[in-house]
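# Structure for this input, please:
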Amino acid sequence: MSAVHLRGSARADRKTKNLISRLEPGDIAVIAHADIDEVSGKALVEGRPKMVINADRSITGRYRCPGPEILLDAGIPVLDGVGSHLLDVVADGDSIEVIGDHVYREGASIGSGMWVTRDTLEAAYREAEENLEAELEKFVANTLQYAIKEKDIILGDLDIPPIDTAIRGRHCLIAVRGPRYEDDLDAVASYVREMAPVLIGVDGGADALMERGFEPDIIVGDMDSVSDRALSSGAELIAHSYPDGRSPGSERLGKLGLSHKTFSCPGTSEDIAMLLAYEKDAALIVAVGAHSNMLDFLEKGRPGMGSTFLVRLKVGAVLVDAKGVSQLYRGRLRIGHIVGILLAAAVPLIAIALFSGSVADIARLVYLKIRLMLGLL
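As a prediction, this is how the structure comes out:
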C-alpha cells in the first residue's frame with residue numbers, strides 16, 4: 001500500500017470506547033488497542049472514520065479477534081504498530097497525513113507502521129489458531145487462581161447496598177454491551193414489553209437499552225462507557241468499588257453531582273449486577289450481552305474469569321443467559337404461512353356470509369382484505 005495518501009483531522013484516545021463518542025465521519029481515528037474486539041470494531045465502523053491508526057497491534061496472534069476483519073470488511077484502512085509514543089504527540093483536531101506507511105502531524109514525521117491487509121490478517125489468524133491451546137491452558141490456570149483468591153468474598157456474605165428499586169420476586173434483565181448485544185436485545189424486546197422486568201444497564205448497556213426505547217431502572221459499573229444522558233435518566237446509580245478502595249465510577253458521578261451508592265466487590269461490573277439482582281431475591285435473571293467464555297474475556301484483556309465463574313455458580317439457579325438467542329431461530333415467512341393467514345382471515349367472513357344473505361357484499365370484503373394483506377392496495 002505504498003501509494004496510499006490520506007489526510008484528515010485526528011481523534012485520539014488510548015481507550016477506544018472513550019474515542020467512539022467523539023468520532024466524526026471522515027476523522028482519522030488514532031487508538032492504542034491491542035487485539036481489537038468485535039464491539040470496538042463495530043463501534044469504529046459506525047463512526048465512519050477515514051482510517052484507523054493503531055499505536056499497538058490490531059491482532060497480536062494471541063487469539064482470533066474479529067475487530068480488524070470487521071474494519072477491513074467495511075473498507076476502513078488500518079495502519080498498525082506505529083508505536084506507543086503516538087498518543088503522546090497526537091491530540092484531537094491535529095492535522096494528520098499518511099503517505100505510504102508513514103504518519104505526519106502538521107507536516108512533521110511522527111512514525112511509521114504496517115498496513116493490515118487480508119494476507120497479514122490471515123497469517124495472524126493462523127498464528128492464533130496455533131496459540132489457542134497454550135492460551136487456553138494459561139486462561140484456565142489464571143481462572144482457578146483468581147477463583148481461590150476470591151471465593152470467600154463472592155460466595156460468602158456480601159455487603160449489598162440498600163436500593164430503592166423493588167426487585168424481590170420480579171424478573172431482572174441485565175444488559176451488557178458485549179458481542180451481538182444489539183441483536184439479542186432486539187430478540188428479547190417483546191419479553192421486556194410483556195414482562196416488564198427490572199432493567200439493569202451495566203455501563204454502556206444502559207445506553208443500549210435507551211437506544212431501543214427502554215428506560216433503565218438501575219445502572220451499575222465503572223461508569224466509563226455510559227453517556228451523561230443515561231446517567232441523568234433517573235435510574236438508580238450504583239458505582240462498582242474494588243476491594244482496594246478504587247471506584248472510578250464514584251469519582252465520575254461525584255464530578256457530575258449525581259447521587260449514587262457503591263458496591264464493593266472483586267470481579268467485573270456485570271458480576272456485581274448479577275449478584276445485586278440475586279441477593280435482592282430476583283425471581284429470574286436474564287443476561288443479555290454478558291461475557292461468559294474465554295474469547296469474551298480475552299477481548300476484555302482479562303487473564304481469567306474466576307469471579308465470573310463463581311458468580312455464575314452462585315446465581316445459576318435463576319440465571320438465563322440470552323447471549324446468542326438471536327441466532328437460535330430466524331423464521332422466514334413462507335407461502336404456506338401466507339395462505340394460512342388468508343384462510344384464517346376469511347373464515348369468519350364466510351361464516352357471516354352464510355347467515356346474512358349478503359354474499360356479494362361479503363365476497364367483496366374478502367377480496368379487498370386479501371388485496372390489503374398482500375400490499376396491493
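
# Not counting its neighbours along the chain, what's nearest residue 86?
Leaving aside its sequence neighbours, residue 86 sits nearest to residue 55 (C-beta to C-beta, 6 or more residues apart in numbering; 4.1 Å). All C-beta spots, glycine's among them, are computed from the backbone N, C-alpha and C.

# Tell me how far that neighbour lies from residue 144.
Look at residue 55 and residue 144: by C-beta to C-beta, to the nearest Å, they are 33 Å apart.

# Likewise for residue 37?
Distance from residue 37 to residue 144, by C-beta to C-beta: 24 Å.

# which of the two has more neighbours?
residue 37 (22 against 13; other C-beta atoms under 10 Å).

# Hmm, that one is touching residue 68, no?
No - using C-beta atoms under 8 Å, residue 37 is not in contact with residue 68; the gap is 10.1 Å.

# Below-threshold pLDDT in the protein: ranges please.
1-2, 150, 152-154, 292-306, 323-377 (pLDDT under 70).

# so what's the residue nearest the centre of it up against?
Computing the C-alpha centroid of the chain and ranking residues by C-alpha atoms, centre = their mean puts residue 177 first, at 2.4 Å. Residues in contact with residue 177 (C-beta atoms under 8 Å, 6 or more residues apart in numbering) are 39, 202, 203, 204, 205, 207, 208, 225, 289.

# ok, these vs residue 63, which is closest?
residue 39 (15.1 Å; C-beta to C-beta).

# Count the neighbours of the residue nearest to residue 216 when sequence neighbours are not counted for me.
Distances taken as C-beta to C-beta, 6+ apart place residue 201 nearest to residue 216, at 4.1 Å, with adjacent residues excluded. Residue neighbour count, defined by other C-beta under 10 Å, stands at 29 for residue 201.

# What residues of the helix or strand harbouring residue 190 count as buried?
For residue 190, the host element (DSSP states H and E) is helix 189-195. Within helix 189-195, the residues that qualify as buried by neighbour count (16 or more other C-beta atoms under 10 Å) are residue 192.

# Next: stretch 127-138.
So, applying 16+ other C-beta under 10 Å, buried residues of stretch 127-138: 128, 131, 135.

# Could you report the neighbour count for residue 165?
Residue 165 has 16 nearby residues by other C-beta under 10 Å.

# Can you verify it is assigned to a helix?
No - with DSSP: H, G, I helix; E, B strand; the rest coil as the criterion, residue 165 is located in coil rather than a helix.

# my read: it touches residue 236, true?
Yes - Residue 165 is within contact range of residue 236, at 5.3 Å (criterion: C-beta under 8 Å).

# Pull up the overlap in contacts between these two.
217, 218.

# Now for residue 6: which residues touch it?
Residue 6 touches 28, 50, 51, 77, 97, 98, counting by C-beta under 8 Å, 6+ apart.

# Among those, which lie within helices?
Using DSSP state H to define helices, no part of these is located there.

# what's the closest of the residues you listed to residue 249?
residue 28 (30.6 Å).

# Once you drop chain neighbours, what's closest to the closest one?
residue 8 is the one closest to residue 28 (C-beta to C-beta, 6+ apart), at 4.2 Å.
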